[in-house]
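Engineer: build me a model:
(2 chains)
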Amino acid sequence: MTRLLERPLVHFALAAATVLVLPLVLRSGTLASEILIYGLAAAACNLLLGYTGLLSFGQGIFFGLGSYAAGLLLLRTGWPALAVLPAVAVVGAATATAVGWLSIRRQGVYFVMLTLAFSQLFYFLAYTFSDLTGGDNGLLNVPRPMVGGKPLSDPWAYYAYVAVLFLALFAALQRVALSTFGRTLLAIRDNEARASAIGFPVRAFKVAAFAISGAVTALAGALHAMLIGVAPLSNIEYHTSETLLIMTIIGGAANLFASVLGAAFYLIAGDLLSAIWPRWLLLLGVLLVAIALFMQRGLWGLIERAAALATRGGAGRSPDERAAPEESRP
Amino acid sequence: MTAAAPAAPVAEPAPEAALSADGLGVRYGSFVALKDVTLRVRANSVHAIIGPNGAGKTTLFHALTGRVRPASGRIALNGRDITRTRDDDRVRLGLARSFQVTSLFATLSVRENLRLAAQGRTPWSALAPWRRVPERDAAQETADALLRRLDLAGVAGRAAGELSHGQQRRLEVGMAMAAKPRVILLDEPTSGMGTDDIGAMTGLIRDLGRDHTVLFIEHNMGIVMNISDTVTVMRAGQVLVEGAPAAVRDDPEVRRAYLGNMITGDLR
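Structural biologist: Residues are numbered from 1 along each chain as shown, chains lettered A, B, ... in the order given. As a prediction, this is how the structure comes out:
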């Protein structure tokens, strides 16, 4: 069973199952769509954090820009959503390439500081150019995509639209993670100096990881703007970067489905707890402390441990004791 | 000037150096780590660098492989100036190294470590986010061959960080070999090894010298004296003496530098 949990196909099946299960357990189609959208953005964040070892506070930039780009293109060009989305991906990739290219010139704390600085910079750019972005109010009246001549105004109809894109992008990210490129990213995460010493142009790989992450994050931002009908200033705020990082860490690093799990956990817990107690984020703080101290592999680590316990005697050893699998994590 | 006068000794044409450094200087801030180091490593020879701690041996390796930028001087690989070439580009030109402090991809499998090191020769082909790692390709074959040669086949699937020290040191050298370099630099390949492992490593370095150019740093004088063609002695960032093992061993300067008691080892 523990071996099963390492197979890429199983991870895709879990993502597909999530898509099918959410409508059965949630009453709000908006919340369900949000889970898939943030799951996608967290998985893209994981490509940097879990696979490449880059703690980027810049993810909110790409998410917010994706929202704005989608809103502006839909409102001003009249292009259909399916033409807007590729353009949004290009905007996300290009911005991430620029931010990444400059930020990776430094390592560790200074890298993190640079991404934070860019995050602030883009926030104030969005705030300043209110003609384009709507400033504090956000860019209003972002339309839902049209299918068969009608907008997908029903939440569950839009959920289906998001779900198709989610699965396609999840599969694409899996492909990236399993590729020669993804496996080299793991090497860079493990030991950057050695990766460079054996001949890999580490910077080019990091920038490429940024570009892919930025493209997917921007697409998630676009889907979010179409979901709530507005591209809000808060999407490009530093807080969005933080939320995406927290979702990624709660889920578990270097595992794409874990990020979906982390997003689902964060959003559902927030939905339930905020109704009972407005200060629920305090509990989230406690949870993060617990994860940082005792379960660094996140929720996915718990699942693996449970699976190892369930099959004890068969496999015997917990995933932590086992050697890293040959076909590295998806 | 008559014909009877003995002819001046004709200088032998210098055999082409696979790797050379001229007037190399490296500074760390105001500290001069290397000063005017000139080195010729003959092709297909085994060349040892020895010297007390802090002599600048590892800094010399860092400069030769591009990890640190020299403040002065010139480095050439097979006659080509590589002084300003980036470290990863030097691998493609045929220069690979191992590290004094083991430096592996600790969470990745042993086979994956070697596959990556073999792939490092054609790194741009790895920058393909859509391409799967092929079941069989040149990099996988290199990895498999090295697993057998380094006696690591039994632990191929284990994470590199879980290996014993001796196994990690072998993998460390294997990572340099995987790039199939023409010139291979080994930084204290036997450091911390047990006696049995040292014997195997010595044999490996000697074998490498047959079809590679080997430059290695070593503290174990037995190994240095047994398998080197040339020995360079460094002290305080400079080259003290260079020559054949026997000549170096008997050099009074070297004896003084080493207090006369560290150089033992049998000569071949």
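Engineer: buried residues, stretch A:80-92. List them.
Structural biologist: By neighbour count on 16 or more other Cβ atoms under 10 Å in any protein chain shown, the buried set for stretch A:80-92 is A:81, A:84-85, A:87-89, A:91-92. From N, CA and C alone the C-beta is placed, and that goes for glycine too.
Engineer: dump these into TSV; add pLDDT and secondary structure as well.
Structural biologist: Formatted as TSV, the buried residues of stretch A:80-92 follow (pLDDT from 0 to 100; DSSP: H, G, I helix; E, B strand; the rest coil):
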residue	pLDDT	secondary structure
A:81	93	helix
A:84	97	helix
A:85	97	helix
A:87	98	helix
A:88	98	helix
A:89	98	helix
A:91	98	helix
A:92	98	helix
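Engineer: what residues does the lengthiest helix in chain B touch?
Structural biologist: Ranked by residue count and defined by DSSP state H, the top helix of chain B is helix B:195-211. Residues outside helix B:195-211 that contact it (Cβ atoms under 8 Å, 6 or more residues apart in numbering or on different chains): B:44-46, B:149-151, B:166, B:169-170, B:173, B:177, B:184, B:186, B:189-190, B:193, B:214, B:216, B:220, B:223, B:226-227, B:229.
Engineer: now the helix or strand following it - C-alpha only, CSV.
Structural biologist: Next along the chain after helix B:195-211, taking DSSP states H and E as the criterion, comes strand B:213-217. Once non-C-alpha atoms are left out, strand B:213-217 reads as follows in CSV (Å, rounded to 0.1, in the frame of the first residue of the first chain):
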residue,chain,number,x,y,z
THR,B,213,44.5,12.6,-16.7
VAL,B,214,44.2,12.5,-12.9
LEU,B,215,45.1,15.4,-10.6
PHE,B,216,44.5,14.5,-6.9
ILE,B,217,45.1,15.9,-3.5
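Engineer: can you list contacts of strand B:213-217?
Structural biologist: The set of residues that contact strand B:213-217 without belonging to it, under Cβ under 8 Å, 6+ apart, is B:18-19, B:41-50, B:57-58, B:61, B:64, B:100, B:182-189, B:205, B:208.
Engineer: do the same with stretch A:47-55
Structural biologist: With Cβ under 8 Å, 6+ apart as the contact definition, stretch A:47-55 has outside contacts at A:56, A:59, A:104, A:111-112, A:115, A:173, A:176-177, A:182, A:185-186, A:188-190, A:192, A:205-206, A:209-210, A:212-213, A:216, A:245, A:248-249, A:252-255.
Engineer: ok, and of those residues, which contact chain B?
Structural biologist: The subset of the contacts of stretch A:47-55 within reach of chain B, counting by Cβ under 8 Å from any Cβ of the partner chain, consists of A:176, A:182, A:186, A:190, A:205, A:212.
Engineer: any low-confidence regions in the stretch 151-268 of chain B?
Structural biologist: Applying pLDDT under 70 to the predicted model, the residue ranges of the stretch 151-268 of chain B that meet it are B:259-268.
Engineer: can you rerun that using 50?
Structural biologist: For the stretch 151-268 of chain B, residues meeting the criterion pLDDT under 50 lie at B:260-261, B:263-268.
Engineer: would you map the strands across it?
Structural biologist: Using DSSP state E, counting those that start in this stretch, the strands found in the stretch 151-268 of chain B span residues B:183-187, B:213-217, B:230-235, B:238-243.
Engineer: now the angle from the second one to strand B:183-187?
Structural biologist: Using axes from the mean of the first three to the mean of the last three Cα atoms, to 10 degrees, the inter-axis angle of strand B:213-217 relative to strand B:183-187 is 10 degrees.
Engineer: same question for the last one.
Structural biologist: Between the axes of strand B:238-243 and strand B:183-187, defined by the same axes, to 10 degrees, the angle is 120 degrees.
Engineer: would you mark the buried spots in strand B:238-243?
Structural biologist: By neighbour count with 16+ other Cβ under 10 Å, strand B:238-243 contains the buried residues B:238-242.
Engineer: over to stretch A:26-43?
Structural biologist: Counting neighbours by 16+ other Cβ under 10 Å, one finds that the buried residues in stretch A:26-43 are A:26, A:29, A:31-43.
Engineer: wait, which of these is closest to chain B?
Structural biologist: Using Cβ to the nearest Cβ, the shortest approach to chain B within the buried residues of stretch A:26-43 belongs to residue A:43, at 14.2 Å.
Engineer: where does that closest one sit: helix, strand or coil?
Structural biologist: When the structure is split into helix, strand and coil by DSSP: H, G, I helix; E, B strand; the rest coil, residue A:43 lands in helix.
Engineer: if we can go back for a sec, and the contacts of strand B:213-217, which of them are buried?
Structural biologist: Among those, those that count as buried by neighbour count (16+ other Cβ under 10 Å) are B:18-19, B:41-42, B:45-50, B:57-58, B:61, B:64, B:100, B:182-189, B:205, B:208.
Engineer: looking at those residues, which are in helices?
Structural biologist: Filtering the buried ones among the contacts of strand B:213-217 for membership in helices, criterion DSSP H, returns B:57-58, B:61, B:64, B:205, B:208.
Engineer: now do the helices in chain A.
Structural biologist: Assigned helices in chain A, in chain order: A:8-25, A:29-46, A:59-76, A:81-103, A:109-128, A:130-133, A:155-178, A:180-190, A:192-197, A:202-228, A:238-251, A:256-276, A:281-294, A:298-310 (criterion: DSSP H).
Engineer: what's next to the fourth one, contact-wise?
Structural biologist: Helix A:81-103 has contacts (Cβ under 8 Å, 6+ apart) with A:56, A:58, A:61-62, A:65-66, A:69-70, A:73-74, A:77, A:79, A:111, A:114-115, A:118, A:145-146, A:165, A:203, A:206-207, A:209-219, A:221-222, A:226.
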